[in-house]
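>>> any chance you can model this:
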Amino acid sequence: MFTQYLYPVLLLIVANIFMTFAWYGHIKLQQVGVLSDNTPLYIVILISWGLALVEYCFQVPANRMGFVGNGGVYTLMQLKIIQEVVTLVVFVLFTTLLFKGESLQWNHFVAFGLLIAAVYFCFLK
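Numbers count the residues shown, from 1 in each chain. Below is the predicted model:
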């Protein structure tokens, strides 16, 4: 029973790691010299699409397994709110660890508190 709650969330975390790299990883690759300013945009897009494909391999099963209509424990609204919170947590870790000069400010913490409140309200009966 515990895995019904945890497994979809773990899949969402993995999916969002790939999504974050697909959307923002090319910027880091450019900073470290793997990609240059002259790398054609279509190459960057193809790299991102490849990562996004892996993301979908985790995202779709997470939603499918987690959805109450398929035997899971979450409504679609709950899955979406969980996914948004996971996305922001992964993004914050990604940017603060890999991009120097990006830091958390007081308003970010307020926004995170409001997201936690959104999760709370989403799970109210």
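>>> dump the residue contacts of Glu102.
Thr95, Thr96 (C-beta atoms under 8 Å, 6 or more residues apart in numbering). Any C-beta I mention is one placed from the backbone N, CA and C, and that applies to glycine too.
>>> check the secondary structure at it for me.
Here Glu102 is recorded as coil under DSSP: H, G, I helix; E, B strand; the rest coil.
>>> can you check the pLDDT for the residue sitting furthest away from the middle of the chain?
For the chain, the C-alpha farthest from the mean C-alpha position belongs to Asn38; by C-alpha atoms, centre = their mean, that distance is 28.4 Å. The score at Asn38 is 91. That number is its pLDDT.
>>> next, it: phi, psi?
When read as degrees, to the nearest 10, the backbone of Asn38 gives phi -90, psi 0.
>>> please apply the same query to Thr75.
According to degrees, to the nearest 10, Thr75 has phi -80, psi 170.
>>> for it, which non-adjacent residue is closest in space?
Val68 (5.7 Å; C-beta to C-beta, 6 or more residues apart in numbering).
>>> just checking, that neighbour touches Leu79?
No. Between Val68 and Leu79 there is no contact under C-beta atoms under 8 Å: 9.2 Å.
>>> who has more neighbours out of the two?
Leu79 (22 against 12; other C-beta atoms under 10 Å).
>>> local confidence estimate at that one?
Here the pLDDT value assigned to Leu79 is 93.
>>> just how off-centre is the helix or strand that contains it within its chain?
When elements are assigned from DSSP states H and E, Leu79 belongs to helix 76-98. When C-alpha coordinates are averaged (C-alpha atoms, centre = their mean, to the nearest Å), helix 76-98 and its chain have centres 5 Å apart.
>>> please name every helix or strand in contact with it.
helix 2-31, helix 41-66, helix 106-122 (3 or more C-beta pairs under 8 Å, 6 or more residues apart in numbering; DSSP states H and E).
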